[in-house]
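J.: what follows is a predicted protein model with its sequence.
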Amino acid sequence: MRQSAILTALLFVLAVGQARGEAVRGAFPSPSVQILPMLVGQERGFYKREGLEMELVFVRGASTAVQALLANQIHFIFSVGPQMPAVWEGNDIILLAQQVGRPTFSLVVTPDIQKISDLKGKRLGVTFGGSTAAGTKALLELNKINPDKDVEYISLPGNEPKIAALKQGLISGALLAPPADYLAMKSGMKRLVSLAEVFKDTAFTGLAATSKTIRENPQMVKRMVRAIVRSVIHTRDNPEDAIQISIKVLKMDREAAQDAYQMIREALVPVPTEKGVELMAQWQAIALNTKPKRKPAEYMDLRFVNEVMAELGQK
C-alpha cells in the first residue's frame with residue numbers, strides 16, 4: 001500500500017513536470033510591436049503547444065542580452081541587429097528565424113520640419129548603440145545628408161524621453177517605435193517618414209541562439225523555431241487577434257494598435273533573407289562607423305525554419 005502511494009505520488013510529480021514543459025528563457029529588447037509575434041506566441045499558447053515553458057525577459061541594452069546569451073543565462077534572444085557587433089567579433093550567435101522583416105520605426109519631427117533635408121544643422125534624439133542610432137544614420141545617408149557632420153545627436157534612451165525632448169524643442173526629430181510614434185503625433189508632432197516604407201526587406205527582429213545550444217539541444221531549438229513560425233503566421237493571418245493582443249499586452253489604444261499593425265503586416269515573414277540580414281548589418285555598420293566583418297551566411301542557420309515551413313505547408 002505504501003509502495004503504491006509512493007508510486008502514485010512519483011507519477012503525479014512526473015506528470016506535473018511534463019505538463020509544465022521544458023523551461024526556456026528568452027530576452028527581448030523592448031516591449032513594442034517589433035516583437036508582436038513573440039507576444040502572440042505567449043498569449044495563444046504556441047510555446048506550450050511545443051512543450052516549452054517560456055519565460056520572457058525584458059533586457060534593456062543589446063550588450064547585456066548578448067552577454068546573458070553567451071553565458072547561458074538565457075537560451076534565445078528575439079533580435080537581429082543589436083547582436084551583430086558581437087557576431088562580427090567572433091562571438092557564437094546564430095540567427096534562426098525572423099519575426100518582422102522591416103524596421104518598425106517612424107521618423108517623428110517637430111511641426112516646423114517639412115522634409116528630411118530640413119534636418120541639416122538640427123539636433124536629433126537617438127539611443128547610442130541601439131537600432132534608433134543605426135536607423136537614423138542609415139536614413140540620413142540615404143537622403144544625401146552626412147550623418148556624422150550635418151546633424152547633432154543627443155542620446156535619449158527610450159521613447160518617452162525622446163517625446164519629451166520633442167515637445168520641449170530640445171530636438172527636432174527622433175525615430176520612435178509604436179505606439180510612441182502615434183502618441184507623439186497626437187501631441188502635435190508629425191510622422192515625416194515610416195522606415196517600413198523605405199527599408200522593405202530588412203531583418204529587424206528574429207530569433208537567435210548560440211551554436212552550442214543548437215548543437216546540444218537541436219530538438220528544443222526546432223520546437224522553439226516552430227513556435228515562432230506559428231506565431232508569425234498567426235499574427236499575419238489574424239489581424240483582429242493581433243490587434244487585441246497589442247491592446248492588452250502593449251497597453252495601446254485601438255487606433256494606435258491598428259496603425260502599428262498595418263505598418264508591419266506585410267513584413268510578418270518567418271524566413272529571413274540574406275539580403276535582409278545584410279541590410280540590417282549595414283545599419284549597424286553605419287551607426288558604429290565600421291564595416292561588417294562577417295557575411296550573413298556565416299551566422300545564419302535556416303535549417304529548422306525551412307523544415308518547419310515545409311511541415312506546415314507554408315511557402
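T.: Structure's in. What do you need? None of these values were measured; they are calculated from a predicted model.

J.: CA atoms for contacts and neighbours, from now on please.
T.: Fine.

J.: would you map the helices across the stretch 151-300 of the chain?
T.: Taking DSSP state H, counting those that start in this stretch, the helices of the stretch 151-300 of the chain run over residues 159-168, 180-186, 195-198, 211-216, 218-237, 239-249, 254-264, 274-288.

J.: let's have those helices in CSV, adding mean neighbour count, distance to Arg303 and mean pLDDT.
T.: As requested, the helices of the stretch 151-300 of the chain are arranged in CSV below (neighbours: other Cα atoms under 10 Å; distance: least, Cα to Cα, whole Å; pLDDT from 0 to 100):
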stretch, mean neighbour count, distance to Arg303, mean pLDDT
helix 159-168, 18, 36, 94
helix 180-186, 20, 36, 90
helix 195-198, 16, 27, 89
helix 211-216, 15, 11, 95
helix 218-237, 22, 9, 97
helix 239-249, 18, 27, 96
helix 254-264, 19, 25, 92
helix 274-288, 22, 14, 88
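
J.: who's in contact with the residue nearest the centre of the chain?
T.: For the chain, the residue whose C-alpha lies nearest the mean C-alpha position (Cα atoms, centre = their mean) is Thr205; its distance is 3.2 Å. Shown here is Thr205, whose contacts under the criterion Cα atoms under 8 Å, 6 or more residues apart in numbering are 34-35, 78-81, 98-101.

J.: which of those residues scores worst on pLDDT?
T.: Sorting those by confidence puts Gly81 at the bottom, with a pLDDT of 86.

J.: in this structure it contacts Glu278, no?
T.: No. Gly81 is not in contact with Glu278 according to Cα atoms under 8 Å; the separation is 9.8 Å.

J.: what about Tyr153, neighbour count?
T.: 18 (other Cα atoms under 10 Å).

J.: what sits closest to it if chain neighbours are left out?
T.: Taking Cα to Cα, 6 or more residues apart in numbering, and ignoring the residues beside it in sequence, Tyr153 has Leu124 as its nearest neighbour in space, at 5.0 Å.

J.: same check on Ala138?
T.: Leaving aside its chain neighbours, Ala138 sits nearest to Trp283 (5.8 Å; criterion: Cα to Cα, 6+ apart).

J.: contacts only, for the one you found.
T.: If you count contacts by Cα under 8 Å, 6+ apart, Trp283 has them with 81, 131, 134-135, 137-138.

J.: min pLDDT across these, which one?
T.: Of all the contacts of Trp283, the model is least confident about Ser131, whose pLDDT is 76.

J.: and it, how close does it get to Lys137?
T.: 10 Å (Cα to Cα, to the nearest Å).

J.: my read: Val80 touches Ala203, true?
T.: Yes. The pair Val80 and Ala203 passes the contact test of Cα under 8 Å, sitting 6.6 Å apart.

J.: these two: which has the busier surroundings?
T.: The residue with more neighbours, out of Val80 and Ala203, is Ala203; 31 against 24, by other Cα under 10 Å.

J.: picking up where we left off before, please name whichever of the helices of the stretch 151-300 of the chain is nearest to Gly26.
T.: Closest of the helices of the stretch 151-300 of the chain to Gly26 is helix 218-237, at 10.3 Å (criterion: Cα to Cα).

J.: for the closest one, packing partners?
T.: helix 36-43, helix 46-49, strand 94-100, helix 239-249, helix 303-311 (3 or more Cα pairs under 8 Å, 6 or more residues apart in numbering; DSSP states H and E).

J.: just those: most buried one?
T.: Burial of those is given as mean neighbour count (mean count of other Cα atoms under 10 Å); strand 94-100 ranks first at a mean of 29.

J.: tell me the angle that strand makes with helix 254-264.
T.: Computed with axes from the mean of the first three to the mean of the last three Cα atoms, to 10 degrees, the direction of strand 94-100 lies at 130 degrees from that of helix 254-264.

J.: following strand 94-100, which helix or strand shows up next?
T.: Next in sequence after strand 94-100, counting helices and strands by DSSP states H and E, comes strand 106-109.

J.: who's in contact with Lys293?
T.: Listed by Cα under 8 Å, 6+ apart, the contact partners of Lys293 are 88-89.
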